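1. predicted structure and sequence below. I'll ask about it afterward.
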Amino acid sequence: MPTAAWEKGSKLRAATKTLEDIRSEACNTILVTFMALATPAAIASLLRGLEQGWKPVMGIHLALLLALACLTVFRHRLDLSVRASAITAVPFIIAVGGLLTYGRGNGVVVFLVSSCVLAGCFFGRRIALGVAALCVITLAGLYVGYYLEVISLPVDPTAFDMTPLSWFTFTVGFMAAVIAPIIGISALIQSLDAERHRADEAVKVRSRFLANISHELRTPMAGVIGMTEVLNNTPLDGKQRSMVATLARSGRSLLATLNDLLDFSKFETGRVPIEPLPFSLTDMLQTVCADYQDAAAQKGIEFKVHLPANTQDAVVGDSLRIRQILSNLISNAVKFTERGSVDVAIELTPKGGASQILTCTVTDTGIGIPPEQTSRIFDPFIQADMSISRTHGGSGLGLSICRTLIEAMNGDITVSSRLNEGSKFTVRIPLALQDNGALVETSAVRPTADATPDIGNQGYRPLRILVADDDPNMRTLSEIMLSHRGHQLTIVDDGGAALAAARTNTYDCILMDMHMPILDGPEVIRALRGDQTGIAYRTPIIALTADLVSQHVRAFLDSGADAVIGKPVVWDSLESKIQQLTSDRTVKIAEVSC
C-alpha cells in the first residue's frame, strides 16, 4: 500500500478536534479574562476595605484573588469540569459577597446572569436553569433576611454610593460580569466554526483516502480473481480444479470483506449515498439469487424464491443498495444453514399513489440467534456468538451496513429467530413505480460474486474495442477475456495514447480505466465527447474503475461515460453491457444515459 495512503489516513485523524477540546479552550479564555479584570477590581476593593477598616473583608478578597490566580496558572492541568465549575461560581460568589460586604444591590443581577450564562455554555440547559433558580432563591433570601432584620448589612442595599472608588469598583466588576461571558461565547463560536472547516476538510481527506485505498486494493484483487477465472477454463484434473475453486471462493470472500470495510468507513461520516433509478425488480432478484444457488446446492440446502406473478416489475429505487442488502442476508442464510432450506420471498404492496412498499423476507433453518442477542446483531463488529467468526468467518459488519442502508432509504429491518431452529429477516423499503413501465438498467454496476463464466464466444457480435488501462494485469485479462469472445482489441496503457487511438481509429466501444498517467479517464472522456458534438451517434464508453466512492462514480458518469463497471470485473456482466450499448448504432446522443 503506498505511503501516500497512510499519510492521508494520518492527516484525517489529525484533522478532527473534539468538542471537549473546544470547550476547554473557551474555558481557559474566560479564566484569563476573569484574572485580568479581577486584579484591578480586587485592588480597588482592598483599598476601600482598608479605608473602612474591614480587615475580614480584605482577607476574603485576597483569598478569592489567590484562588483565581491559581486556577489561571494551573488551568492546563485541571480537569475541564473543575475549571468550568470555578468560572461559573466566580460571578455568583462576587454577587453574594459584594451584597453581604457592602450592602450594594447595584450590579448583583448582572453577576448572577453571568453565572447562569456560563453554566449554560459548559454544562447545558438543565444546569443553567438550576443555577438560575439558586440565584433567585439566594437573592430573595438575602433581601427577606435584611428586611426581617435577620441579616445585618453595612448599609442600605438599595442605596447608591457615588464616590470615585465605588464607581471604579462597580465599573470593573460590571465589565467582569458582562465581558467574560461574551468572550467565552465568542470563543466557543469561533472554535466551532474552525472545527466545522476542519471537519469539512476531514471529509474531503477521508474521501480521497477511501478512493486511494479502494483503487490500490481492488486493482490487485481484479488480477487475482480474473486470473483464477482464466485458470479455471484451462484443462485441469479434478484436484487442480478443486484447488482453483478454493482460490476463487477465497478471493470473493476477501472482496466481500473489503467492500464491507470500505462501506463502513464511508458510512461513519454520516453520508450514505442513495441514488434512486429505474430498474427491473425481477432482473435484480434473479441476479442476486443466481449468486447463491450453486453454494446452496453444494451444501445440499433447498433454495427457494417466491415472487408473485402479478408483481409490478418496473420500479424506481436504489437497486445497487437493495441488491447489496439482499446479497448480505442471503449469504448469511446460506452460510449458517447446514441442512433444510433457505427461502427468499419478495412482495410489492401499494402504499398510495405511485408509492409501493417492497417487502423482502429471507428465512432459513440454520443455527438461529439467541433471543438476548437479536438486539445487538445490527451493531458493527458484533456477531451473535463470537466463535462464529472462527467457524464461519465474517467481519461482523454486514448487518450493520444493511441497517444503515435501509434506514437511509426510509425503510426498516426486523428479525425473529429461535436458537438451532433458524432465523427470519424482514426488510421493508419504500419504492416508486415507473411512469411509463419501461425497464431501465442501473448504469453504475457493483461487482457481484457469481459463478466462473465460460469465456468462449456465446453468440456475441464481434466488435472493435479500445481498452485503456495502466495496470498490466488488467490489460492481460482484458485481452484473454474479450478476444476469446471474438472481439478485435486495441490495448493502450495511458490516457494520452487512448485519446490518440480514439481520434485516429473507429471503435464500436471503449473501455476506459479512470486512473491513468498522462491523462486520467474523465479527461479523455470529456475530450472525446467534445470531438463528437453534433453527430448522431457517439461511441459508447464504459468506465472501468476500482474507485467506487459514490461521488466519484457520479463524476465519471457526468464526464460522459455511459456506464461504470467496478473492478474486479464480472466479465459476463461487462459483455452484456457492451452488447447493450452497441446494439443500436442509430441511438441519438440525447437518448444515452450519462
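-> Structure received. Small disclaimer: the values here were computed from a predicted structure and weren't measured.

2. alpha carbons only for contacts and neighbour counts from here, please
-> OK.

3. how about stretch 520-540: buried residues?
-> 520-526, 528-529, 537-540 (16 or more other CA atoms under 10 Å).

4. then stretch 492-499?
-> Under the neighbour-count criterion of 16+ other CA under 10 Å, stretch 492-499 has 492, 493, 494, 495, 496, 497, 498, 499 buried.

5. coming back round to it: sort the buried residues of stretch 520-540 by pLDDT and name the bottom one.
-> Checking pLDDT across these, the minimum falls on residue 537 at 69.

6. helix, strand or coil for residue 512?
-> strand (DSSP: H, G, I helix; E, B strand; the rest coil).

7. continuing past the worst-scoring helix or strand of the chain on mean pLDDT, what's the next helix or strand?
-> Scoring the helices and strands of the chain by mean pLDDT, DSSP states H and E places strand 444-445 at the bottom, with a mean of 33. Sequence order places strand 464-468 as the next helix or strand after strand 444-445, per DSSP states H and E.

8. returning to that earlier point: okay, and which of the buried residues of stretch 492-499 map to helices?
-> Counting by DSSP state H, the buried residues of stretch 492-499 place 495, 496, 497, 498, 499 in helices.

9. rounded mean pLDDT for whichever strand or helix holds residue 573, please.
-> Taking DSSP H and E as the criterion, residue 573 maps to helix 571-581. Across helix 571-581, the average pLDDT comes to 85.

10. can I get that helix as PDB, trimmed to CA atoms?
-> The C-alpha trace of helix 571-581 is given here as PDB (Å, rounded to 0.1, in the frame of the first residue of the first chain):
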ATOM      1  CA  TRP A 571     -16.900 -10.400 -17.400                       C
ATOM      2  CA  ASP A 572     -20.300 -11.700 -18.400                       C
ATOM      3  CA  SER A 573     -21.900  -8.500 -17.000                       C
ATOM      4  CA  LEU A 574     -19.400  -6.400 -18.900                       C
ATOM      5  CA  GLU A 575     -20.100  -8.300 -22.100                       C
ATOM      6  CA  SER A 576     -23.800  -7.800 -21.600                       C
ATOM      7  CA  LYS A 577     -23.300  -4.100 -21.100                       C
ATOM      8  CA  ILE A 578     -21.100  -3.800 -24.200                       C
ATOM      9  CA  GLN A 579     -23.700  -5.600 -26.300                       C
ATOM     10  CA  GLN A 580     -26.500  -3.400 -24.900                       C
ATOM     11  CA  LEU A 581     -24.700  -0.100 -25.600                       C
END
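
11. next, the angle strand 464-468 makes with that helix.
-> Interaxial angle, helix 571-581 versus strand 464-468 (axes from the mean of the first three to the mean of the last three CA atoms, to 10 degrees): 120 degrees.

12. who are the packing partners of helix 571-581?
-> If you count contacts as 3 or more CA pairs under 8 Å, 6 or more residues apart in numbering; DSSP states H and E, helix 571-581 packs onto no helix or strand.

13. tell me how far it is from the chain's mean position?
-> 32 Å (CA atoms, centre = their mean, to the nearest Å).

14. show me what counts as buried in that helix.
-> For helix 571-581, by 16+ other CA under 10 Å, it's 571, 574, 577, 578, 579, 581.

15. could those go into JSON lines alongside distance to residue 115?
-> Formatted as JSON lines, those follow (distance: CA to CA, whole Å):
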{"residue": "571", "distance to residue 115": "69"}
{"residue": "574", "distance to residue 115": "68"}
{"residue": "577", "distance to residue 115": "68"}
{"residue": "578", "distance to residue 115": "71"}
{"residue": "579", "distance to residue 115": "73"}
{"residue": "581", "distance to residue 115": "70"}
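
16. so which elements touch the helix or strand where residue 111 lies?
-> Residue 111 belongs to helix 108-123 when assigned by DSSP H and E. Packing partners of helix 108-123 (3+ CA pairs under 8 Å, 6+ apart): helix 80-102, helix 125-147, helix 164-232.

17. which element follows the longest one toward the C-terminus?
-> Remark: after helix 164-232, the chain's next helix or strand is helix 238-267, criterion DSSP H and E.

18. which element follows that next one toward the C-terminus?
-> strand 277-280.

19. could you export the next helix or strand after that next one as CSV, CA atoms only?
-> Toward the C-terminal end, the helix or strand that comes next after strand 277-280 (DSSP H and E) is helix 281-298. The C-alpha coordinates for helix 281-298 follow below in CSV (Å, rounded to 0.1, in the frame of the first residue of the first chain):
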residue,chain,number,x,y,z
LEU,A,281,-37.3,-5.9,-9.8
THR,A,282,-37.2,-9.4,-11.5
ASP,A,283,-33.8,-8.9,-13.1
MET,A,284,-32.4,-7.6,-9.8
LEU,A,285,-33.8,-10.6,-7.8
GLN,A,286,-32.5,-13.1,-10.4
THR,A,287,-29.0,-11.6,-10.4
VAL,A,288,-28.8,-11.8,-6.6
CYS,A,289,-30.2,-15.3,-6.2
ALA,A,290,-28.1,-16.7,-9.0
ASP,A,291,-25.0,-15.9,-6.9
TYR,A,292,-26.1,-18.3,-4.1
GLN,A,293,-28.0,-21.1,-5.8
ASP,A,294,-24.8,-23.1,-6.5
ALA,A,295,-23.5,-22.5,-3.0
ALA,A,296,-26.8,-23.8,-1.5
ALA,A,297,-26.8,-26.8,-3.9
GLN,A,298,-23.2,-27.7,-2.8
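
20. begin at 477 from here
-> OK, 477 is where the count begins now, so the last one is helix 757-774.

21. and helix 757-774, what does it pack against?
-> With 3+ CA pairs under 8 Å, 6+ apart as the test, helix 757-774 has strand 778-782, helix 795-811 packed against it.

22. most tightly packed of the ones you listed?
-> helix 795-811 (a mean of 21; mean count of other CA atoms under 10 Å).

23. next, the angle from it to helix 714-743.
-> 130 degrees.

24. got the domain ranges for the protein?
-> 495-674, 752-919, 940-1067 (automatic domain parsing).

25. nearest to residue 726, of these?
-> domain 752-919 (11.2 Å; CA to CA).

26. gap between residue 955 and residue 965?
-> Distance from residue 955 to residue 965, counting by CA to CA, to the nearest Å: 7 Å.

27. hang on, residue 595 packs against residue 602?
-> No. Residue 595 is beyond contact range of residue 602, at 9.1 Å (criterion: CA atoms under 8 Å).
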